[in-house]
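**Student:** Fold the following, please.
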Amino acid sequence: MPPRKPPYSAKAVSNFFLAKSRKITQMKLHKLLYFAHGWHLGLTSLPLLDEMVEAWDHSPIVPSVFHEFKLFGSRPITCFAREFNPDEFTREIVPPVDASDTFVHDLLERIWKVYNGFSDDQLFHMTRAAGSPWSKTHNEHPGIKGVDIPNQLFAEHFAEKVRENARSA
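**Tutor:** Below is the predicted model:
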């Protein structure tokens, strides 16, 4: 079977990052997903994740990942994301993004290299910055939890960052 191409399950992308470290909290994981999805849209105009990132009251959240790991609270996540296999009637670990998809694999490696060094709090503030996809969506729908952040907002915001990086290179 040929390797799968984007969009990927948010749990598969999560497991890519969780394989890197056993010190990732749910807050950090959601921010890594936010940036990975955003940069992928900015570079390709195509979504990385097969579900929408939502603007919750305080930050962007990927619902399936939130529900998978909510029992960890603010503690580091100590397991991989799983999905139910109806044929075996078991919950099996979702394989991470395949390394044969070199573009996505390299992008995720870069996201890890750039953003892993930031604290949860720093990432929290970065995703909430004025003009960010979360900020724009949250401001348009104040007090409403679970509003989809449009992929178009991600694409526009991160495409501008791609252009800024190209100009400064």
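**Student:** Next, the residue nearest the centre of the chain: secondary structure please.
**Tutor:** Nearest to the geometric centre of the chain sits Leu33, at 1.1 Å (C-alpha atoms, centre = their mean). Secondary structure assignment for Leu33 (DSSP: H, G, I helix; E, B strand; the rest coil): helix.
**Student:** I'd like to know how many residues surround the closest residue to it other than its chain neighbours.
**Tutor:** Nearest residue to Leu33, sequence neighbours excluded (C-beta to C-beta, 6 or more residues apart in numbering): Val62, at 5.2 Å. Heads up, the C-betas are built off the backbone N, CA and C, glycines and all. For Val62, the count of nearby residues is 22 (other C-beta atoms under 10 Å).
**Student:** switch to numbering from 30
**Tutor:** Let's use 30 as the start, then, which means that last one is Val91.
**Student:** Tell me how far Val91 lies from Phe183.
**Tutor:** According to C-beta to C-beta, to the nearest Å, Val91 and Phe183 sit 13 Å apart.
**Student:** Wait, Gly71 touches Arg192, no?
**Tutor:** No. Counting by C-beta atoms under 8 Å, Gly71 does not reach Arg192; the two are 9.1 Å apart.
**Student:** the more surrounded of these two?
**Tutor:** More neighbours surround Gly71 than the other of Gly71 and Arg192, with 19 against 11 (other C-beta under 10 Å).
**Student:** how about that one, what does it touch?
**Tutor:** Gly71 is in contact with 183-184, 186-191, counting by C-beta atoms under 8 Å, 6 or more residues apart in numbering.
**Student:** Roughly how far does it sit from Ser129?
**Tutor:** Distance from Gly71 to Ser129, by C-beta to C-beta: 23 Å.
**Student:** Which of the contacts of Gly71 fall in strands?
**Tutor:** Judged by DSSP state E, the subset of the contacts of Gly71 located in strands is empty.
**Student:** Just the residues contacting stretch 45-62, thanks.
**Tutor:** 39, 42-43, 78, 82, 88-91, 94-95, 98-99, 101-110, 125-126, 137, 140-141, 144-145, 149, 152-153, 155-156.
**Student:** Ala41 versus Ala65, what's the distance?
**Tutor:** Taken as C-beta to C-beta, the span from Ala65 to Ala41 is 11 Å.
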